[in-house]
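1. coords please:
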Amino acid sequence: VANEGGKHWTVNEVRALIRIWSDKNIQQQLEGTVRNKRIFEQVAARLQKFGIDRDWKQCRTKYKNLKHEYKSVKSAQDSGSTSKSMKFFNELDAILGHCTMEQASKSDNDESERPPEWTEAKSEKDSTG
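-> Here you go, the predicted model:
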């Protein structure tokens with residue numbers, strides 16, 4: 001246990017972390033906040049149920065590292081390079097691949113649901129004849 005991250009994550013530990021991370025509820029919480037200690041405490045507690053002993057800091061660090069690695073592989077792929085790859089790319093792509101698009105379209109739709117104000121203003125003018 002030399003470095004800050006503690007002992008290396010095993011494949012099973014990373015799989016368990018990704019499985020928890022793929023929970024829609026966890027994803028929504030992570031998308032909505034930067035101060036996420038509380039969320040990673042939940043993640044760590046869930047890992048404990050799988051018999052995996054990691055604290056929230058280790059979970060957050062691993063999450064950040066995986067996300068960073070995913071993004072660099074993804075951008076390499078987008079630019080046509082196939083040389084970069086990573087172990088859990090497909091699992092992470094299932095979680096992260098759609099996030100950016102979903103977030104963007106969500107905020108656009110909020111606007112269009114409101115009734116346009118001009119209809120109210122116009123009807124007032126018509127009634128005062």
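2. biggest helix in this structure by residues?
-> Ranked by residue count, the top helix of the chain under DSSP state H comes out as helix 56-78.
3. Show me how far that helix is from its chain's centre.
-> Taking C-alpha atoms, centre = their mean, to the nearest Å, the mean C-alpha location of helix 56-78 is offset from the chain mean by 11 Å.
4. Stretch 8-24 now?
-> Between the centre of stretch 8-24 and the centre of its host chain there is 14 Å, according to C-alpha atoms, centre = their mean.
5. So which bits of it are buried?
-> Judged by neighbour count using 16 or more other C-beta atoms under 10 Å, the buried positions of stretch 8-24 are 9, 13, 14, 16, 17, 18, 20, 21. No exception for glycine: its C-beta is placed from N, CA and C like everyone else's.
6. Could you single out the nearest of the residues you listed to residue 45?
-> Distance to residue 45, by C-beta to C-beta, is smallest for residue 20 among the buried residues of stretch 8-24, at 9.7 Å.
7. Contacts only, for that closest one.
-> Shown here is residue 20, whose contacts under the criterion C-beta atoms under 8 Å, 6 or more residues apart in numbering are 26, 43, 46, 47.
8. for residue 78, same thing?
-> Here residue 78 is in contact with no residues (criterion: C-beta under 8 Å, 6+ apart).
9. Neighbours of residue 54, how many?
-> When counting by other C-beta atoms under 10 Å, one arrives at 22 neighbours for residue 54.
10. roughly how far apart are it and residue 70?
-> With the distance defined as C-beta to C-beta, to the nearest Å, residue 54 ends up 19 Å from residue 70.
11. circling back to that earlier point, quick one: average pLDDT of the following helix or strand past the longest helix of the chain?
-> Tracing the chain past helix 56-78, the next element assigned as helix or strand by DSSP states H and E is helix 89-96. Averaging the model's pLDDT scores along helix 89-96 yields 92.
12. Repeat that for stretch 16-24.
-> When pLDDT is averaged over stretch 16-24, the result is 94.
13. got the CA positions of that stretch in PDB?
-> Written as PDB, here are the backbone C-alpha positions of stretch 16-24 (Å, rounded to 0.1, in the frame of the first residue of the first chain):
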ATOM      1  CA  ALA A  16     -18.200  -4.300  -9.600                       C
ATOM      2  CA  LEU A  17     -17.400  -0.600  -9.600                       C
ATOM      3  CA  ILE A  18     -18.600  -0.200 -13.200                       C
ATOM      4  CA  ARG A  19     -21.800  -2.300 -12.400                       C
ATOM      5  CA  ILE A  20     -22.600   0.200  -9.600                       C
ATOM      6  CA  TRP A  21     -21.700   3.100 -11.800                       C
ATOM      7  CA  SER A  22     -24.000   1.900 -14.500                       C
ATOM      8  CA  ASP A  23     -27.000   2.200 -12.100                       C
ATOM      9  CA  LYS A  24     -29.100   5.000 -13.600                       C
END
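14. Alright, calling it a day.
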